[in-house]
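Undergrad: Provided below for reference: sequence and predicted model.
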Amino acid sequence: MEYIRIENDFPRITHSAVTLGKFDGIHRGHRKLVEKIIGQKEEGAQAVVLALGNASRTILTKEERCRLLEKLGVDILLECPLNDRIRHMKAENFIKEILVGDLQASYVAVGEDFRFGFERKGTPQMLKEYGRKYGFDVEILPKEMDGRRKISSTFIREELSRGNMEKFHALMGMDFSVEGEVEHGRGMGHKYLLPTTNLIPSGEKLMPPNGVYITVSYFKERTYQGITNIGYKPTVGGEKFLGVETYLFDCHEDLYGQYCRVDFKKFLRPEQKFTSLEALKKQLEKDAVKGQEYFRKEK
Ligand SMILES: Cc1cc2nc3c(=O)[nH]c(=O)nc-3n(C[C@H](O)[C@H](O)[C@H](O)COP(=O)(O)O)c2cc1C
Ligand SMILES: Nc1ncnc2c1ncn2[C@@H]1O[C@H](COP(=O)(O)OP(=O)(O)O)[C@@H](O)[C@H]1O
């Protein structure tokens, strides 16, 4: 997949099938749109995701979004910040200059509530009208539902901020995850408590509340179940950086420097400041039992 961050002009593409949106995290609704443009590859079109927006913290990092879209079969990801040029461009001009002129779209797929152009006046219906005029097909997809509520980035952000990992999975079609290289902590874990693999999450990423979660950690060679704390470790003096540290069940390996992805399954409790290391240790043992029970029941 080609990844292009638009600074000024759009690239010229000879034949494309485009989906437009913010795509802050690719949820189940977004996946439907992506499937639609992938379907057009048979017609000789390049499958193009045009992601418009400039959110500071996002549900997926740019890298995670890139990887996911590539896996889904997208040919080109155009990342377009909402700069003055784009925000002031009239919807008609956006269609004429960008969709028709630059991208030579033969097909456009958008969700029913998509808005674009100056004052957000561009609508899916307007795309349809211009499609008839310029000769591109437009498909308007209804929002995917979760029960009676429409799936949206706002919905996912809300559930994430509550630590509802099960709902996150249901809406996104994938677990919330954090990845990175295993870093050195202060080495206190294995001495006084439990050994933990420490990751520093990307600052781009929207995080669930600080606390303890049941998780699965994927390393290159191996997969481990475990429990993870997200937070600043107030009991042991506190850290400046938000850490993600995992005690892996049935693991005795040295994992420093290895790349790892931690998938979050369930929230157990908020991070707490304990009065002693012994009190924290007792709690960690209880957390570990809950984690092990969760995986036993899952089988
Ligand atoms: C499952 C789990 C739960 C934790 N919960 C807390 C907590 O509630 N409060 C806290 O201050 N630290 C908590 N910690 C962090 C420990 O204080 C930390 O792992 C220990 O101090 C080792 O730190 P180090 O890796 O920097 O040596 C938790 C760690 C794990 C693995
Ligand atoms: N069961 C386990 N869970 C997590 N890490 C483990 C485990 N067994 C061994 N390790 C190793 O121990 C290291 C963590 O030890 P720890 O005392 O917590 O040090 P640090 O403060 O550097 O995290 C991990 O990086 C990993 O290489």
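TA: Now that the structure is in, tell me what you want to look at. Numbers count the residues shown, from 1 in each chain. Ligands and ions are numbered 1, 2, ... in the order given.

Undergrad: which residue is nearest the centroid of this protein?
TA: For the chain, the residue nearest the mean C-alpha position is Leu60 (2.3 Å; CA atoms, centre = their mean).

Undergrad: dump the residue contacts of it.
TA: By CB atoms under 8 Å, 6 or more residues apart in numbering, the residues touching Leu60 are Asp24, Gly25, Ile26, Leu68, Lys205. C-betas here are computed from N, CA, C, even on glycine.

Undergrad: would JSON lines of those with secondary structure, distance to ligand 1 and neighbour count be doable?
TA: Compiled in JSON lines, the contacts of Leu60 are given as follows (DSSP: H, G, I helix; E, B strand; the rest coil; distance: CB to the nearest ligand atom, whole Å; neighbours: other CB atoms under 10 Å):
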{"residue": "Asp24", "secondary structure": "coil", "distance to ligand 1": "29", "neighbour count": "21"}
{"residue": "Gly25", "secondary structure": "coil", "distance to ligand 1": "26", "neighbour count": "24"}
{"residue": "Ile26", "secondary structure": "coil", "distance to ligand 1": "29", "neighbour count": "25"}
{"residue": "Leu68", "secondary structure": "helix", "distance to ligand 1": "28", "neighbour count": "20"}
{"residue": "Lys205", "secondary structure": "strand", "distance to ligand 1": "20", "neighbour count": "17"}
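
Undergrad: just those residues now: which is nearest Lys121?
TA: For the contacts of Leu60, the residue nearest Lys121 by CB to CB is Asp24; the value is 21.9 Å.

Undergrad: pretty sure that closest one contacts Asn54?
TA: No - here Asp24 does not reach Asn54: they are 10.1 Å apart, not a contact under CB atoms under 8 Å.

Undergrad: before we move on, back to that, pLDDT and distance to Gly135 added to the contacts of Leu60, as a markdown table?
TA: As requested, the contacts of Leu60 are arranged in a markdown table below (pLDDT from 0 to 100; distance: CB to CB, whole Å):
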| residue | pLDDT | distance to Gly135 |
| --- | --- | --- |
| Asp24 | 91 | 31 |
| Gly25 | 90 | 33 |
| Ile26 | 96 | 29 |
| Leu68 | 98 | 31 |
| Lys205 | 96 | 41 |
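
Undergrad: next, the residue nearest to the centre of the chain: secondary structure please.
TA: Following DSSP: H, G, I helix; E, B strand; the rest coil, the label given to Leu60 is coil.
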